[in-house]
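Peer 1: Fold the following, please.
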Amino acid sequence: MKVNVIFYSAFGHIYRMAQAVAEGAGEVDGAEVGLYQVRETLPDEILDEMGALEPRKQFADVPVATLDQLREADALIFGTPTRFGNMCQQMKALIDSAGPLWVSNALVGKVAGVFTSSNSQHGGQESTILSFHIPLYHFGMVIVGLPYTESRIRETDRMQGGSPYGASTIAGENGSRRPSGDELEMARSQGRHVAEIARKLTAG
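Peer 2: Next up is the predicted model:
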């Protein structure tokens, strides 16, 4: 059973979450987990102005996803930062390139999940995940979230991400906040849950 975690990260928050998602998926018997980033679409001068060039070096060796990584997987878990309540343009470029897979029904029945990050607690995390689901429905995929058996979703005593739609983290206005231990545990839970559903489906 093949599970591919495909992410875009500018400052490393989603990369760290993607690692945790992959760790959780890898705990499921029979799961072969791949970790991929999507191709950068912004020029270096813009990334430099954003302050993203240096942070991106930490995952420079992670291979870039192609349509092959979508085609080969039994489950796909996508990670994207929030951009005004939607997925980032880099991830959208990959999704928009998947027309051949849509035409051939190559993604029908595959399991999918989404996780995200935003600068603030109410910065569009849920709308990003829910709007990401739209093309996945068009592909015929089976959408899996993060159920309330992951009790950390219910936490109200402190600021943190996480919802029944998927794991998430809060980066802070200047990006200085890193994913908390609870947020990483929710990411592991989502990876594990998606892989478990995929295992049941592939077993028939």
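Peer 1: Identify the bridge partners of the closest residue in space to Gln125 that isn't next to it in sequence.
Peer 2: Distances taken as Cβ to Cβ, 6 or more residues apart in numbering put Ser168 closest to Gln125, at 4.5 Å, once the chain neighbours are dropped. The way it works is simple: take the backbone N, C-alpha and C, and place the C-beta from them, glycine included. Beta bridges link Ser168 to Thr116 when assigned by DSSP bridges.
Peer 1: The residue at minimal distance from the centre of the chain is in what secondary structure piece?
Peer 2: With distances taken as Cα atoms, centre = their mean, Gly79 lies nearest the centre of the chain, 1.9 Å away. Assigned by DSSP states H and E, Gly79 falls within strand 75-81.
Peer 1: That strand pairs with which strands, parallel or anti?
Peer 2: strand 2-7 (parallel), strand 111-118 (parallel).
Peer 1: who's in contact with the helix or strand following it?
Peer 2: With elements assigned by DSSP H and E, the helix or strand that comes after strand 75-81 is helix 89-96. Outside helix 89-96, the residues within contact range by Cβ atoms under 8 Å, 6 or more residues apart in numbering are 6, 8, 38-42, 65, 78, 80, 83, 86-87, 132, 135.
Peer 1: at 10 Å instead, please
Peer 2: With contacts defined as Cβ atoms under 10 Å, 6 or more residues apart in numbering, helix 89-96 is touched by 6-10, 14, 36-42, 64-67, 69-70, 78-81, 83, 86-87, 102, 114, 128, 132, 134-136, 138-139.
Peer 1: quick check: longest helix of this protein.
Peer 2: helix 181-202 (DSSP state H).
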